[in-house]
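Q: A structural model of the following input is requested.
(one chain, ligands or ions: 1)
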Amino acid sequence: MEVVIVQDAEAGGELIAETIANLLRRKPDALLGVATGSTPLPIYQALTAKVRSGALDASGARIAQLDEYVGLPAGHPESYRSVVLREVVEPLGLTEDAFMGPDGAAEDVQAACEAYDLALAQAGGVDLQLLGIGTDGHIGFNEPCSSLASRTRIKTLTRQTREDNARFFDSPDEVPHHVITQGIGTILEARHLVLLATGEGKAEAVAQTVEGPVAAVVPASALQLHPHATVVVDEAAASKLKLAEYFRATYASKPDWQGI
Ligand SMILES: N[C@@H]1[C@@H](O)[C@H](O)[C@@H](COP(=O)(O)O)O[C@@H]1O
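A: Numbers count the residues shown, from 1 in each chain. The predicted model follows:
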């Protein structure tokens, strides 16, 4: 696992956007797994700026969703499908044809989950999966004690996660209790995992993810099992890392061309 400490969220967004841009220059039809929440927005803004300035042609990119609420009415502005279309697909000048996600309104949720895992595999697998992290260490919506081998499936949100996400809804009661999420085993199949965490509220979860044992109670710690995982954190989110100085020195000594 590589840990990169950046000054702030904007610098993290720029670094990861450049990584994605380099991937798309090598592989124009790369499949990008995208996360929702507030944290990745600087990545999408930086990537959009590159496309609009002509520095990047993202017209061949394909976008895959990480997770979804169950039970929101079709077209709800806070369904993750709506969020990804609004924050990623449209700004990059892509159409819905370039987008894939699980069906949160399916009658048979389990079948929809299995269909999504199959669709990801048939699309050639995710090239780069962006991840945020919940305050409880979740990735996607894999709450604590999710199996590290889990596949895409339905999960029940913890009270903490529903409270954390209530800011996106008119009332806390509107936050769904159930979600579909790529499983941890599914996420680990992506070729490169890039987790961005910013702000002091994520410092404890980051410390446990990076320096704690691999444990289902901290789902993000599963990144330690992946051969190419990068954790990008701002100074605030890095504030509880015992090895921060080592991570800084390691990254500073890395040749530019290596990227993340
Ligand atoms: N399912 C999403 C996660 O993918 C995201 O990482 C997390 C953190 O969100 P934020 O970046 O807003 O803190 O929120 C939700 O639970």
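
Q: does Ile154 sit in a helix, a strand or a coil?
A: Under the three-state scheme (DSSP: H, G, I helix; E, B strand; the rest coil), the conformation of Ile154 reads as strand.

Q: In this structure it contacts Ala112, no?
A: No. With contact defined as C-beta atoms under 8 Å, Ile154 and Ala112 do not form a contacting pair (9.1 Å). Placement of C-beta: from N, CA and C, glycine included.

Q: For these two, list the residues in contact with both.
A: Each of Ile180 lies in contact with both Ile154 and Ala112 under the rule C-beta atoms under 8 Å, 6 or more residues apart in numbering.

Q: More neighbours: these two, which one.
A: Using other C-beta atoms under 10 Å, the more surrounded residue of Ile154 and Ala112 is Ala112, with 19 against 16.

Q: I'd like the distance from the closest residue to the more buried one other than its chain neighbours to Ala74, if you could.
A: The spatial neighbour of Ala112 that comes closest, neighbours along the chain excluded (C-beta to C-beta, 6 or more residues apart in numbering), is Ala106 at 3.6 Å. Ala106 sits 11 Å away from Ala74, taking C-beta to C-beta, to the nearest Å as the criterion.

Q: Neighbour count for those two, which is higher?
A: Ala106 (15 against 9).

Q: Next, Glu68: secondary structure please.
A: Of the three states, Glu68 takes strand under three-state DSSP.

Q: can you pull the contacts of it?
A: Neighbours of Glu68 in contact, by C-beta under 8 Å, 6+ apart: Ser79, Tyr80, Arg81, Gly101, Pro102, Asp103, Gly104, Val179, Ile180, Thr181.

Q: Wait, the third one touches Gly101, no?
A: It refers to Arg81. Yes. Arg81 sits in contact with Gly101 when judged by C-beta under 8 Å, with a separation of 5.2 Å.
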